[in-house]
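*Asks:* what shape does this take:
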Amino acid sequence: MPESRAGRINRVVLTWPGVEGHPHRFGGTEYRLGRREIGHVHGQSLVDVPLPRRVRDELIAGGRARPHHVLPESGWVSVPVRSMEEADAALEILRLSYDLALSQLAKRSSPSASAEG
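*Replies:* Predicted structure coming up:
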């Protein structure tokens, strides 16, 4: 049986160090790095990802994502996933969220960050 779009996303995201999958409160799967959510999947057709506003605006302007389907003025984006190619595009955006979260986590846990505290 071929892999589903959500199955592919789940399989890949859960290979990233520190990421855990949890049930999302509105259905689907939420991915977290520590306590921070890096995004979630709704069924087979939509991925929502939190990003800094500047990054969010660039992705929307470039046509790679849409404003969040419920909170369009937030830093979140929604990425339609109607094909495996779109699943791969959603994975790129989830990876961007992961890399940003990892970078912030590293800054918070560095000795100089605690000394500045």
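
*Asks:* any stretches of the chain with poor pLDDT?
*Replies:* For the chain, applying pLDDT under 70 flags the ranges 110-117.

*Asks:* what are the ranges of the helices in it?
*Replies:* Ranges of helices within the chain are 5-13, 53-61, 84-109, 111-116, based on DSSP state H.

*Asks:* which one of the ones you listed is the most hemmed in?
*Replies:* Ranked by mean neighbour count under mean count of other CB atoms under 10 Å, these are led by helix 5-13, which reaches a mean of 18. In short, each C-beta sits where N, CA and C put it, glycine included.

*Asks:* circling back to that earlier point, would you reformat the helices of the chain as a markdown table and include distance to Ser74?
*Replies:* A markdown table is the format used below for these (distance: least, CB to CB, whole Å):
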| stretch | distance to Ser74 |
| --- | --- |
| helix 5-13 | 21 |
| helix 53-61 | 8 |
| helix 84-109 | 14 |
| helix 111-116 | 27 |
